[in-house]
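Asks: Structure, please.
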Amino acid sequence: METLLIEAQEFEDMKMSNMSTSDRVKASRKAKAIILGINEFYKETKDENLMDVMKRVTEKKQKIEKRLKGRPSS
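Replies: Numbers count the residues shown, from 1 in each chain. All right, here's what the predicted structure looks like:
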């Protein structure tokens, strides 16, 4: 459990500038793994702190995925 929280903190502190596309894909997959792992513990404990961590990681993951999808072409 503690390792997941440490990974989540490292993910939140990670810089998003100068990331290649493959780095973004890896970061997105890592975020998904972190969220799913924390969610397993959240189901058992219903700890609000875990929910807050999942929300912050999800927010950053969505920013990365938005950048991956790029701008829509008209």
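Asks: buried stuff in stretch 8-16?
Replies: 8, 11 (16 or more other CB atoms under 10 Å). All C-beta spots, glycine's among them, are computed from the backbone N, C-alpha and C.
Asks: Over to stretch 43-57?
Replies: Taking 16+ other CB under 10 Å as the neighbour-count basis, stretch 43-57 is seen to contain the buried residues 50, 53-54, 57.
Asks: Secondary structure added to these, as a markdown table?
Replies: Output for these, formatted as a markdown table (DSSP: H, G, I helix; E, B strand; the rest coil):
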| residue | secondary structure |
| --- | --- |
| L50 | helix |
| V53 | helix |
| M54 | helix |
| V57 | helix |
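Asks: Which parts of this protein are helices?
Replies: 2-13, 21-45, 48-69 (DSSP state H).
Asks: Can you report phi and psi for M14?
Replies: Note on M14: its backbone torsions stand at phi -60, psi 140 [degrees, to the nearest 10].
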